[in-house]
Structures are given as structure tokens and as C-alpha cells.
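[1] task: produce atomic coordinates for the following.
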Amino acid sequence: MTENRLDPRFVRTRKLIMDAFLLLAMKKDLKDISIKDITTEATVNRATFYYHFMDKYDLLEKTLKESLMMSVMREISIHDQLNEKTIASVFMSLTVFLSSLASQCRKSFESFTSVIEAIIKKELEQVFYDMLMKQNAGIGEDEESVRIAAVMLSWSLYGAAVNWQYNGAKPAEEYIQLVLPYLSQGLQLFIAEEVR
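    Numbers count the residues shown, from 1 in each chain. The predicted structure follows:
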């Protein structure tokens, strides 16, 4: 199957299904979108759908990971150090991502908010974990401590982005400046603890 993933036809068909799903999500609630709706919109048969995805929830998860989260992950990947600049940059990408998702998929957004949250937190946690491990490689890291720091940072950053989305009276650029002291203080405590 790994060879198939490199096949342009496989990639095109998968994208076709994902695009059809996103289009339907703009018009209907997730609970009202059927596999038949997706396959009809994508002009593929049911077997083709199931070759690529287990069900519509698997499709949702993979669509968020592969298509929509790419801009957030791309933003993270240009930074090699986890610092305030990286955190602010990730926050800005996250707010753009959540805002576009809420406006494009207004009908479905509320019904899959918890799925979106879980995916974003998990993806951010892994990226932050990798960055912290790489950043502190020579110190003899305790993996559990690094994982805890990555979890706390990913959850905090996601929470700040959601709070800004629903309650933010200031532009995102100003809002993150208010949040950074709290996030970076926790990060500095972790780094200082690891250095000792």
C-alpha cells in the first residue's frame, strides 16, 4: 500500500474524496453527511471510498491532518527552536486555521469541534515534543518530562486560540502578546529544570 500512496492516481482520488467532503461540510452538518453523499460528490464508487478511508470520521480526521493542518504544521516546521517567536507564529497560524474552518464549514464546525480539538492538540504535542527533544538533546532528557511539557504547551496554545476566537476583543497579534508571558514562563521553567 505504501507504493500506492506514491501513485498520482491514488493521491488524486484521495484528494477528490477529501474535497467533496469539505464541500459537503459547508452545506450540511456532519451527522447528515452520508458515504453516498461523499461518493456522489466525489464521483467515485463506495469501494473506492473504503479503500482510502474506514468511515466518514476517519475521512474527517485525515482531511484535517493532511489538508487543513498543513498550513499550521508548515509554519511550525520553519522554526528550529521552540521559543516565543515560534509560539507566536504557531498561534497566528492556528487562529487563521480555526477561523477559516469555522467560516467555511459553519454547518459542521460545531458538530466536530471535539474531533478538531483532539487532532490539533495531538499534532501540536508531537511537534513540540520533537522540537524539545532536539533542542535539549545533549542534556539527557527524561522523555516523560518532555512529553508533559509538550502536552501542556499544546493544550495551552489551543485553548488560547479558542478563547481568542470566541472572546478576543483584540487582534490576534496583540492577544498572543498577552498570552506569551504565561506560556514562555512555563517553557523557561521546563528548560531551566532540564539544565540542572
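[2] what stretches of the chain score poorly on pLDDT?
    1-5, 67-69, 104-111, 138-141, 186-196 (pLDDT under 70).
[3] residues near residue 100, how many?
    Look at residue 100: counted by other CB atoms under 10 Å, it has 12 neighbours. (C-beta placed from N, C-alpha, C; glycine too.)
[4] settle this for me: residue 85 is touching residue 79, isn't it.
    Yes - shown here, residue 85 and residue 79 form a contact pair, counting by CB atoms under 8 Å, at 7.1 Å.
[5] between those two, which one's more packed in?
    residue 79 (15 against 11).
[6] with adjacent residues omitted, what lies nearest to the more buried one?
    Ranked by CB to CB, 6 or more residues apart in numbering and with sequence neighbours excluded, the top spatial neighbour of residue 79 is residue 86, at 4.0 Å.
[7] so what touches the helix or strand harbouring that neighbour?
    Element membership for residue 86, per DSSP states H and E: helix 84-104. With CB atoms under 8 Å, 6 or more residues apart in numbering as the test, helix 84-104 has contacts from 22, 25-26, 68-69, 71-72, 74-76, 78-79, 109, 116, 120, 124, 131, 153, 157-158, 160-162, 164-165, 172-173, 176-177, 179-180, 183-184, 187.
[8] rerun at 6 Å
    With CB atoms under 6 Å, 6 or more residues apart in numbering as the test, helix 84-104 has contacts from 26, 71-72, 75-76, 79, 109, 157, 161, 164-165, 172, 176, 180, 183-184.
[9] with stretch 155-162 instead?
    Here stretch 155-162 has contacts from 91, 94-95, 98, 120-121, 179, 183, using CB under 6 Å, 6+ apart.
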